[in-house]
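**Q** need a 3D model of the following:
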Amino acid sequence: MVYLTATATSSLTLYATLGRHTETNQRHKKKMFFTSKRLIERAEGLELLKEILKDKNKSVVIHYSCESFVTTHGRTPRVTSICMRYLGTAQTKSFSIHLQAQFDGKDFNNLTLADYDALEKKMLDEFYEFAKKHKDFKWIHWNMRDSNYGFEAIANRYRILGGQAFDIDEDRKYDFPRVLGKIYTYGYEKNKPDGRLLNLAKRNDITTVDALKGKEEADAFDNKKYLELHKSTLRKVDIVDSIIDRVDKNELKVASKPKHIYGLTIPGIIEIVKNNWIFVVIWTLLFYVLGAATEPIIQRLFGTAQ
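**A** Numbers count the residues shown, from 1 in each chain. Presented below is the predicted three-dimensional model:
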């Protein structure tokens, strides 16, 4: 078994992303009549969405809750629950401390640290068995991309508890906020007051019942309210699923303005014109005709007519 450092894992993620990005970029440049950096980025986002939706029965939405990494002082946060939603059937599979405690006949409101470690290890055993069985699936997530919060953080926690983490291929992980950023620009939603996920849900009238905010999740963990954390994770998986559905139906409401989404700002229009030789020819001819037509008028105005 070979373990990768956090830097190596991050590098593999970057290379996988850059490789897919470069290949897609070149493909869209060849296809597009109107070309600009913004339009290419949007086309990339739509291509990623197409990949996700190509076979919904082979896609899962994942979200998890954990101890606040702000108060751990560098220690890898404990995991409290992990939930997956099958995109095709909307069926949910979940693993959580409070469920594992019930399976083992323990009171999840009065767990010792040793109890928690043992239950967390069993919970992650089951999660990684699930991951192995679904290694060919697409894994859609919300910002699960580093060692503070993400697949790497779960793997690190599992290794600390004595497990051997199964690595899900990087090209099967889809960070949906990045997909949204490419399609709608990264101004698609504001961070305040409740974070992009909950703010976007409220903008689109998607229920946020049971979904905890960052501070609320930290307080729930400190107060051993694991059931509340589990319910919050379930709700957030449901929210991400609903957002994907609205994007697919072209019904998602976002904060970005259409001119920014489609690159129709003045700099964007100039770039589109410069990148299309037909427009350059038309633009040149237009200026030539206008120049020829207005030359006599200018000469009379400034007294330079012969």
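**Q** show me the shaky parts of the stretch 51-200 of the chain.
**A** Along the stretch 51-200 of the chain, the model assigns pLDDT under 70 to residues 69-73.
**Q** so the spatially closest residue to Asn204 that is not a sequence neighbour is in which element?
**A** Counting by Cβ to Cβ, 6 or more residues apart in numbering, Lys253 is the residue found nearest to Asn204 once chain neighbours are left out, at 5.2 Å. (Glycine included, C-beta is placed from N, CA and C.) In this structure, Lys253 sits in neither a helix nor a strand according to DSSP states H and E.
**Q** just use 323 as the starting number from now, easier for me
**A** Got it, the first residue is 323 from now on, which makes the last one we talked about Lys575.
**Q** backbone phi and psi for Lys575, please?
**A** phi -90, psi 130 (degrees, to the nearest 10).
**Q** swap in the one 5 residues further on?
**A** The phi and psi values for Pro580, taken as degrees, to the nearest 10, are phi -50, psi -40.
**Q** just confirm it contacts Leu586, I think it does.
**A** Yes. Applying Cβ atoms under 8 Å, one finds Pro580 in contact with Leu586, separated by 7.3 Å.
**Q** looking at these two, which one has more neighbours?
**A** For the pair Pro580 and Leu586, the greater number of neighbours falls to Leu586 (15 against 9), based on other Cβ atoms under 10 Å.
**Q** isn't the more buried one up against Ile592?
**A** No. Because the distance of 11.0 Å does not satisfy Cβ under 8 Å, Leu586 is recorded as not touching Ile592.
**Q** tell me which helix or strand Leu368 sits in.
**A** Leu368 belongs to helix 359-376 when assigned by DSSP H and E.
**Q** name the helices or strands packed onto that helix?
**A** Under the contact definition 3 or more Cβ pairs under 8 Å, 6 or more residues apart in numbering; DSSP states H and E, helix 359-376 sits against helix 328-353, strand 460-463, strand 495-497, helix 498-506, helix 548-570, helix 588-596.
**Q** for the last one, what is the average pLDDT?
**A** In this model, helix 588-596 has a mean pLDDT of 79.
**Q** span of stretch 567-578 from start to end?
**A** Between the opening and closing residues of stretch 567-578 we find a distance of 19 Å, counting by Cα to Cα, to the nearest Å.
**Q** can you give me the strands in the stretch 373-522 of the chain?
**A** Taking DSSP state E, counting those that start in this stretch as the criterion, the stretch 373-522 of the chain contains strands spanning 381-388, 401-408, 414-418, 460-463, 495-497.
**Q** may I have the first one exported as CSV, CA atoms only?
**A** By that I understand strand 381-388. Presented in CSV, the C-alpha positions along strand 381-388 are these (Å, rounded to 0.1, in the frame of the first residue of the first chain):
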residue,chain,number,x,y,z
SER,A,381,-23.8,9.3,-10.3
VAL,A,382,-24.0,10.0,-6.5
VAL,A,383,-24.1,13.3,-4.6
ILE,A,384,-22.0,13.1,-1.4
HIS,A,385,-21.9,15.4,1.6
TYR,A,386,-20.6,14.9,5.2
SER,A,387,-20.5,16.6,8.5
CYS,A,388,-17.5,16.8,10.9
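**Q** how deep is the residue nearest to Asn526 tucked in, by neighbour count?
**A** Other residues near Lys575 number 11, with proximity taken as other Cβ under 10 Å.
**Q** same question, Ala436
**A** Using other Cβ under 10 Å, Ala436 is surrounded by 8 other residues.
**Q** quick check: the gap between it and Leu483.
**A** Relative to Leu483, Ala436 is positioned 12 Å away (criterion: Cβ to Cβ, to the nearest Å).
**Q** how about Lys372?
**A** Distance, Lys372 to Leu483, using Cβ to Cβ: 38 Å.
**Q** of these two, which one has the most company?
**A** Each of Lys372 and Leu483 has its neighbours counted (other Cβ under 10 Å); Leu483 has more, 18 against 10.
**Q** test my guess that the more buried one contacts Glu442.
**A** Yes. The pair formed by Leu483 and Glu442 meets the contact definition of Cβ under 8 Å, at 6.3 Å.
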